[in-house]
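J.: Structure, please.
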Amino acid sequence: MSGHDHDHGHDHEVRRPEPPPGVTGMRHFLEVDDLSLDELLHVLDLAELVFPPQVLRGKGAALVFEKPSLRTRSSMEMAVVQLGGHPVMIGPAEVGLGVRETPEDVARTLGGYHAVLAARVFEHENLERMAATDVVPVVNLLSDLSHPLQALADLLTLGQHFGRLRDLTVAYIGDPNNVSRSLAIALTMVGSRIRIGSPAGYTTPDVDLDRVGAHGGDIELFDRPEEAVAGADAVYTDVWASMGKEDEAEARRRAFEGFTVDRRLMGMAADHAVFLHCLPAHRGEEVAADVLEARGSLVWPQAANRMHTARGLLGFLLGVLNSPLADL
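T.: Numbering: from 1, shown residues only. This is a model prediction of the structure:
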(Lines give C-alpha, C1' and ligand atoms only; values in the text may rest on other atoms or scores of the structure.)
Protein backbone atom coordinates (compact mmCIF):
# COMPACT_ATOMS: atom_id res chain seq x y z
CA MET A 1 0.00 0.00 0.00
CA SER A 2 1.24 3.45 -0.81
CA GLY A 3 1.14 5.96 1.97
CA HIS A 4 0.73 8.70 -0.60
CA ASP A 5 -2.28 7.70 -2.66
CA HIS A 6 -3.86 5.18 -0.27
CA ASP A 7 -4.00 2.57 -3.01
CA HIS A 8 -4.28 -1.00 -1.81
CA GLY A 9 -3.87 -3.79 -4.29
CA HIS A 10 -3.00 -7.46 -4.24
CA ASP A 11 0.73 -7.32 -3.59
CA HIS A 12 1.51 -10.54 -1.73
CA GLU A 13 5.26 -10.34 -2.21
CA VAL A 14 7.08 -11.60 0.86
CA ARG A 15 8.65 -8.49 2.26
CA ARG A 16 9.08 -6.51 5.42
CA PRO A 17 7.31 -3.17 5.08
CA GLU A 18 9.31 -0.41 6.70
CA PRO A 19 7.57 1.05 9.74
CA PRO A 20 6.65 4.74 9.78
CA PRO A 21 9.46 6.96 11.08
CA GLY A 22 9.60 7.80 14.76
CA VAL A 23 7.56 4.83 16.00
CA THR A 24 8.66 4.08 19.54
CA GLY A 25 7.29 3.11 22.94
CA MET A 26 4.34 1.04 24.11
CA ARG A 27 1.16 1.59 22.16
CA HIS A 28 -2.46 0.61 22.67
CA PHE A 29 -5.24 0.21 20.11
CA LEU A 30 -8.60 1.32 21.50
CA GLU A 31 -9.83 3.22 18.43
CA VAL A 32 -8.73 3.42 14.79
CA ASP A 33 -7.17 6.84 15.18
CA ASP A 34 -4.83 5.61 17.89
CA LEU A 35 -2.80 4.95 14.72
CA SER A 36 -1.59 7.73 12.45
CA LEU A 37 -2.49 7.43 8.77
CA ASP A 38 0.98 6.08 7.93
CA GLU A 39 0.72 3.54 10.74
CA LEU A 40 -2.76 2.49 9.63
CA LEU A 41 -1.55 1.88 6.08
CA HIS A 42 1.46 0.01 7.46
CA VAL A 43 -0.81 -2.29 9.49
CA LEU A 44 -2.79 -3.08 6.32
CA ASP A 45 0.47 -3.90 4.53
CA LEU A 46 1.51 -6.21 7.36
CA ALA A 47 -1.91 -7.88 7.18
CA GLU A 48 -1.11 -9.19 3.71
CA LEU A 49 2.27 -10.73 4.51
CA VAL A 50 2.22 -14.42 3.62
CA PHE A 51 4.96 -15.17 6.14
CA PRO A 52 4.43 -12.72 9.03
CA PRO A 53 7.23 -11.98 11.51
CA GLN A 54 7.10 -14.37 14.47
CA VAL A 55 6.88 -11.59 17.03
CA LEU A 56 4.96 -13.78 19.50
CA ARG A 57 7.23 -16.82 19.38
CA GLY A 58 7.22 -18.37 22.84
CA LYS A 59 4.82 -15.73 24.17
CA GLY A 60 1.20 -15.62 25.25
CA ALA A 61 -1.73 -13.40 24.32
CA ALA A 62 -4.55 -12.89 26.83
CA LEU A 63 -7.93 -12.65 25.11
CA VAL A 64 -10.52 -11.43 27.62
CA PHE A 65 -14.18 -11.81 26.66
CA GLU A 66 -17.14 -10.33 28.53
CA LYS A 67 -19.34 -11.04 25.49
CA PRO A 68 -19.83 -14.14 23.32
CA SER A 69 -17.88 -14.19 20.09
CA LEU A 70 -17.45 -16.17 16.88
CA ARG A 71 -15.35 -14.09 14.47
CA THR A 72 -13.42 -12.13 17.09
CA ARG A 73 -12.28 -15.14 19.09
CA SER A 74 -11.37 -17.31 16.11
CA SER A 75 -9.66 -14.49 14.19
CA MET A 76 -7.62 -13.38 17.19
CA GLU A 77 -6.60 -16.88 18.26
CA MET A 78 -5.44 -17.75 14.75
CA ALA A 79 -3.65 -14.40 14.34
CA VAL A 80 -1.70 -15.10 17.54
CA VAL A 81 -0.84 -18.62 16.36
CA GLN A 82 0.33 -17.33 12.98
CA LEU A 83 2.67 -14.94 14.80
CA GLY A 84 4.14 -17.87 16.75
CA GLY A 85 2.28 -17.22 20.01
CA HIS A 86 -0.13 -19.00 22.32
CA PRO A 87 -3.61 -17.50 22.77
CA VAL A 88 -5.41 -17.90 26.11
CA MET A 89 -9.14 -17.21 26.00
CA ILE A 90 -10.46 -15.86 29.31
CA GLY A 91 -14.24 -15.76 29.69
CA PRO A 92 -16.61 -14.08 32.15
CA ALA A 93 -16.27 -16.99 34.60
CA GLU A 94 -12.54 -16.32 34.98
CA VAL A 95 -12.61 -12.54 35.16
CA GLY A 96 -15.28 -10.08 36.22
CA LEU A 97 -13.99 -6.63 35.30
CA GLY A 98 -14.88 -4.28 38.14
CA VAL A 99 -16.59 -7.09 40.07
CA ARG A 100 -14.05 -9.74 41.05
CA GLU A 101 -11.08 -7.50 40.26
CA THR A 102 -10.47 -4.00 39.02
CA PRO A 103 -9.51 -3.59 35.35
CA GLU A 104 -6.12 -2.31 36.53
CA ASP A 105 -5.46 -5.43 38.62
CA VAL A 106 -6.52 -7.69 35.74
CA ALA A 107 -4.11 -5.91 33.39
CA ARG A 108 -1.21 -6.08 35.83
CA THR A 109 -1.80 -9.76 36.53
CA LEU A 110 -2.15 -10.81 32.90
CA GLY A 111 0.81 -8.63 31.96
CA GLY A 112 2.97 -10.94 34.03
CA TYR A 113 2.15 -13.86 31.74
CA HIS A 114 1.37 -12.38 28.33
CA ALA A 115 2.90 -10.06 25.75
CA VAL A 116 -0.44 -8.48 24.83
CA LEU A 117 -3.91 -8.12 26.34
CA ALA A 118 -6.94 -7.93 24.07
CA ALA A 119 -10.46 -7.53 25.46
CA ARG A 120 -14.06 -7.60 24.25
CA VAL A 121 -16.00 -5.61 26.81
CA PHE A 122 -19.27 -3.83 27.50
CA GLU A 123 -17.85 -0.59 28.94
CA HIS A 124 -15.13 1.19 26.97
CA GLU A 125 -13.85 2.75 30.18
CA ASN A 126 -12.58 -0.66 31.30
CA LEU A 127 -10.28 -0.78 28.27
CA GLU A 128 -9.00 2.71 29.05
CA ARG A 129 -8.28 1.72 32.65
CA MET A 130 -6.38 -1.40 31.57
CA ALA A 131 -4.38 0.55 29.00
CA ALA A 132 -3.52 3.22 31.56
CA THR A 133 -1.42 0.68 33.49
CA ASP A 134 0.99 0.54 30.50
CA VAL A 135 2.00 -3.02 31.42
CA VAL A 136 1.45 -4.52 27.97
CA PRO A 137 -0.25 -3.28 24.79
CA VAL A 138 -4.05 -3.36 25.14
CA VAL A 139 -6.24 -4.02 22.09
CA ASN A 140 -9.96 -3.26 21.84
CA LEU A 141 -11.76 -6.33 20.50
CA LEU A 142 -15.09 -4.45 20.80
CA SER A 143 -16.67 -2.10 23.30
CA ASP A 144 -19.93 -0.20 23.62
CA LEU A 145 -18.15 2.78 22.03
CA SER A 146 -16.06 1.37 19.18
CA HIS A 147 -15.04 -1.63 17.10
CA PRO A 148 -11.71 -0.65 15.52
CA LEU A 149 -10.57 -4.16 14.52
CA GLN A 150 -13.70 -4.48 12.39
CA ALA A 151 -12.87 -1.19 10.71
CA LEU A 152 -9.39 -2.46 9.84
CA ALA A 153 -10.94 -5.50 8.16
CA ASP A 154 -13.40 -3.25 6.35
CA LEU A 155 -10.59 -1.12 4.93
CA LEU A 156 -8.58 -4.15 3.84
CA THR A 157 -11.66 -5.61 2.11
CA LEU A 158 -12.46 -2.37 0.28
CA GLY A 159 -8.82 -1.89 -0.71
CA GLN A 160 -8.51 -5.39 -2.08
CA HIS A 161 -11.71 -5.06 -4.11
CA PHE A 162 -11.38 -1.51 -5.47
CA GLY A 163 -7.59 -1.29 -5.62
CA ARG A 164 -7.69 1.95 -3.63
CA LEU A 165 -9.01 3.41 -0.40
CA ARG A 166 -9.26 7.08 -1.37
CA ASP A 167 -12.42 8.63 -2.81
CA LEU A 168 -14.84 5.84 -2.01
CA THR A 169 -18.36 6.48 -0.74
CA VAL A 170 -19.73 4.01 1.79
CA ALA A 171 -23.38 4.13 2.84
CA TYR A 172 -24.09 2.67 6.27
CA ILE A 173 -27.78 1.84 6.69
CA GLY A 174 -29.33 1.17 10.08
CA ASP A 175 -28.38 1.77 13.69
CA PRO A 176 -25.48 4.19 14.25
CA ASN A 177 -23.35 2.20 16.68
CA ASN A 178 -19.80 1.23 17.61
CA VAL A 179 -19.26 -0.30 14.17
CA SER A 180 -20.35 2.79 12.23
CA ARG A 181 -18.28 5.04 14.53
CA SER A 182 -15.00 3.20 13.89
CA LEU A 183 -15.83 2.78 10.20
CA ALA A 184 -16.46 6.53 9.86
CA ILE A 185 -13.14 7.38 11.49
CA ALA A 186 -11.25 4.88 9.33
CA LEU A 187 -12.82 6.04 6.06
CA THR A 188 -12.18 9.69 6.88
CA MET A 189 -8.53 9.00 7.69
CA VAL A 190 -7.91 7.41 4.27
CA GLY A 191 -9.75 10.11 2.32
CA SER A 192 -13.11 8.46 1.71
CA ARG A 193 -16.67 9.39 2.67
CA ILE A 194 -19.38 7.86 4.81
CA ARG A 195 -23.11 8.43 4.74
CA ILE A 196 -25.35 7.10 7.48
CA GLY A 197 -29.05 6.46 6.88
CA SER A 198 -31.05 5.92 10.06
CA PRO A 199 -34.62 6.63 11.25
CA ALA A 200 -35.60 9.48 13.54
CA GLY A 201 -34.61 8.81 17.12
CA TYR A 202 -31.56 6.78 16.09
CA THR A 203 -29.26 9.53 14.91
CA THR A 204 -25.46 9.50 15.01
CA PRO A 205 -24.13 10.81 18.36
CA ASP A 206 -22.48 14.24 18.34
CA VAL A 207 -19.34 12.75 19.86
CA ASP A 208 -18.92 10.58 16.75
CA LEU A 209 -19.46 13.57 14.45
CA ASP A 210 -16.85 15.52 16.43
CA ARG A 211 -14.32 12.67 16.29
CA VAL A 212 -14.64 12.43 12.51
CA GLY A 213 -14.57 16.23 12.22
CA ALA A 214 -11.24 16.27 14.03
CA HIS A 215 -9.80 14.44 11.01
CA GLY A 216 -11.20 17.00 8.60
CA GLY A 217 -14.17 14.90 7.47
CA ASP A 218 -17.86 14.74 8.15
CA ILE A 219 -20.58 12.13 8.32
CA GLU A 220 -23.44 12.80 5.93
CA LEU A 221 -26.69 12.00 7.74
CA PHE A 222 -29.93 10.91 6.07
CA ASP A 223 -33.27 9.75 7.42
CA ARG A 224 -34.17 8.00 4.16
CA PRO A 225 -32.05 5.00 3.15
CA GLU A 226 -32.62 5.66 -0.55
CA GLU A 227 -30.88 9.03 -0.29
CA ALA A 228 -27.98 7.57 1.66
CA VAL A 229 -27.20 4.80 -0.85
CA ALA A 230 -27.64 6.85 -4.04
CA GLY A 231 -24.53 6.23 -6.16
CA ALA A 232 -22.55 4.72 -3.26
CA ASP A 233 -19.59 2.41 -3.93
CA ALA A 234 -20.45 0.18 -0.97
CA VAL A 235 -23.51 -0.40 1.19
CA TYR A 236 -22.93 -1.53 4.77
CA THR A 237 -25.35 -2.62 7.47
CA ASP A 238 -25.37 -4.22 10.91
CA VAL A 239 -28.01 -5.78 13.14
CA TRP A 240 -30.66 -3.38 14.40
CA ALA A 241 -30.38 -4.53 18.02
CA SER A 242 -26.75 -4.91 19.06
CA MET A 243 -25.62 -7.24 21.82
CA GLY A 244 -27.01 -5.96 25.11
CA LYS A 245 -29.98 -4.26 23.43
CA GLU A 246 -32.06 -7.39 22.84
CA ASP A 247 -34.89 -6.00 24.98
CA GLU A 248 -35.29 -3.23 22.39
CA ALA A 249 -35.48 -5.64 19.44
CA GLU A 250 -39.21 -5.35 18.75
CA ALA A 251 -39.28 -1.56 19.06
CA ARG A 252 -36.26 -1.35 16.78
CA ARG A 253 -37.86 -3.62 14.18
CA ARG A 254 -40.75 -1.18 13.98
CA ALA A 255 -38.51 1.89 13.91
CA PHE A 256 -36.26 0.47 11.19
CA GLU A 257 -39.07 -0.66 8.88
CA GLY A 258 -38.05 0.32 5.35
CA PHE A 259 -34.33 0.23 6.21
CA THR A 260 -33.75 -3.36 5.11
CA VAL A 261 -30.95 -3.55 2.55
CA ASP A 262 -32.70 -5.43 -0.26
CA ARG A 263 -32.20 -5.65 -4.00
CA ARG A 264 -34.31 -2.55 -4.56
CA LEU A 265 -32.11 -0.49 -2.25
CA MET A 266 -28.87 -1.93 -3.67
CA GLY A 267 -30.14 -1.00 -7.12
CA MET A 268 -29.96 2.66 -6.13
CA ALA A 269 -26.25 2.45 -5.35
CA ALA A 270 -23.59 2.53 -8.06
CA ASP A 271 -23.70 -0.29 -10.62
CA HIS A 272 -20.42 -1.62 -9.22
CA ALA A 273 -21.53 -1.33 -5.57
CA VAL A 274 -20.58 -4.05 -3.09
CA PHE A 275 -22.33 -5.11 0.10
CA LEU A 276 -20.67 -5.29 3.53
CA HIS A 277 -21.88 -6.62 6.89
CA CYS A 278 -19.86 -7.18 10.05
CA LEU A 279 -22.03 -10.22 10.96
CA PRO A 280 -23.90 -11.97 12.46
CA ALA A 281 -26.67 -11.21 9.97
CA HIS A 282 -30.40 -11.49 10.55
CA ARG A 283 -31.74 -12.36 7.12
CA GLY A 284 -35.02 -10.62 6.39
CA GLU A 285 -34.38 -7.87 8.96
CA GLU A 286 -31.45 -5.55 8.26
CA VAL A 287 -30.53 -7.40 5.05
CA ALA A 288 -32.37 -9.54 2.53
CA ALA A 289 -30.98 -13.05 2.06
CA ASP A 290 -30.48 -12.55 -1.68
CA VAL A 291 -28.32 -9.47 -1.05
CA LEU A 292 -26.20 -11.26 1.53
CA GLU A 293 -25.60 -14.13 -0.90
CA ALA A 294 -25.30 -12.03 -4.06
CA ARG A 295 -22.21 -11.80 -6.28
CA GLY A 296 -21.55 -8.28 -5.01
CA SER A 297 -21.50 -9.34 -1.37
CA LEU A 298 -18.05 -9.20 0.24
CA VAL A 299 -19.15 -10.35 3.70
CA TRP A 300 -17.14 -13.59 3.69
CA PRO A 301 -13.82 -12.05 2.57
CA GLN A 302 -14.61 -9.28 5.04
CA ALA A 303 -15.00 -11.82 7.86
CA ALA A 304 -11.79 -13.61 6.84
CA ASN A 305 -9.94 -10.29 6.86
CA ARG A 306 -10.65 -9.97 10.58
CA MET A 307 -7.85 -12.54 11.06
CA HIS A 308 -5.45 -10.93 8.61
CA THR A 309 -5.84 -7.43 10.02
CA ALA A 310 -5.61 -8.69 13.61
CA ARG A 311 -2.32 -10.33 12.63
CA GLY A 312 -1.13 -7.11 11.01
CA LEU A 313 -2.04 -5.03 14.04
CA LEU A 314 -0.36 -7.39 16.51
CA GLY A 315 2.68 -7.57 14.24
CA PHE A 316 2.86 -3.78 14.33
CA LEU A 317 2.29 -3.34 18.07
CA LEU A 318 4.64 -6.13 19.13
CA GLY A 319 7.16 -6.42 16.33
CA VAL A 320 7.85 -2.84 15.37
CA LEU A 321 7.58 -1.44 18.87
CA ASN A 322 9.04 -4.04 21.18
CA SER A 323 11.56 -6.02 19.14
CA PRO A 324 14.66 -5.03 17.19
CA LEU A 325 13.80 -4.66 13.52
CA ALA A 326 16.55 -7.16 12.75
CA ASP A 327 14.39 -9.84 14.39
CA LEU A 328 11.57 -9.23 11.94
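
J.: Would you mind measuring from residue 57 to residue 86?
T.: 10 Å (CB to CB, to the nearest Å). Bear in mind the C-beta positions are built from the backbone N, C-alpha and C, glycine included.

J.: who touches stretch 32-40?
T.: Defining contact as CB atoms under 8 Å, 6 or more residues apart in numbering, one finds that stretch 32-40 is touched by 3, 19-20, 23, 27-29, 43, 146, 148, 151-152, 155, 182, 185-186, 189-190, 211, 215, 316.

J.: Can you select the buried ones from those in PyMOL?
T.: Selection of buried members from the contacts of stretch 32-40 for PyMOL, criterion 16 or more other CB atoms under 10 Å:
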select buried, resi 3+19+20+27+28+29+43+146+148+151+152+155+182+185+186+189+190+211+215+316
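
J.: Looking at residue 212 now. What's its pLDDT?
T.: With respect to pLDDT, residue 212 scores 97.

J.: my bad, residue 251
T.: 89.

J.: same thing with residue 9?
T.: In this model, residue 9 is scored at 43, pLDDT.

J.: So the most centrally placed residue in the chain, which state does it fall into?
T.: In the chain, the residue lying closest to the centroid (CA atoms, centre = their mean) is residue 150, at 1.9 Å. The three-state assignment at residue 150 reads helix, by DSSP: H, G, I helix; E, B strand; the rest coil.

J.: how close does the nearest residue to it once chain neighbours are set aside sit to residue 143?
T.: Nearest in space to residue 150, with sequence neighbours left out and distances taken as CB to CB, 6 or more residues apart in numbering, is residue 278 at 5.1 Å. For residue 278, the distance to residue 143 equals 14 Å [CB to CB].

J.: Strands along the chain, start to end?
T.: Here the chain has its strands, by DSSP state E, at 60-65, 86-90, 116-120, 138-142, 169-173, 193-197, 219-222, 234-237, 274-277.

J.: So which elements touch the fifth one?
T.: Just to be clear, that refers to strand 169-173. helix 178-189, strand 193-197, helix 225-229, strand 234-237 (3 or more CB pairs under 8 Å, 6 or more residues apart in numbering; DSSP states H and E).

J.: I'd like the average pLDDT over the shortest one.
T.: Averaged over strand 234-237, pLDDT sits at 98.

J.: so residue 313 makes contact with residue 151?
T.: No. With contact defined as CB atoms under 8 Å, residue 313 does not reach residue 151; the gap is 11.0 Å.

J.: closest one to residue 248 among the helices and strands packed on strand 169-173?
T.: With CB to CB, the closest approach to residue 248 among these belongs to helix 178-189: 15.5 Å.

J.: now the closest one: how far from the chain's centre is it?
T.: Taking the mean of its C-alpha atoms, helix 178-189 sits 8 Å from the chain's own mean (CA atoms, centre = their mean, to the nearest Å).

J.: before we move on, the earlier item: quick one: residues contacting the residue nearest to residue 150.
T.: Contact analysis of residue 278 by CB under 8 Å, 6+ apart lists 147, 150, 154, 179, 238, 302.

J.: can you tell me how far the first one sits from residue 164?
T.: Residue 147 sits at a distance of 23 Å from residue 164 (criterion: CB to CB).

J.: Repeat that for the fifth one.
T.: Taking CB to CB as the criterion, residue 238 is separated from residue 164 by 24 Å.

J.: re the thing from before, pick the most buried one from the helices and strands packed on strand 169-173.
T.: Each of the helices and strands packed on strand 169-173 was assessed for mean neighbour count using mean count of other CB atoms under 10 Å. The highest is strand 234-237, with a mean of 28.
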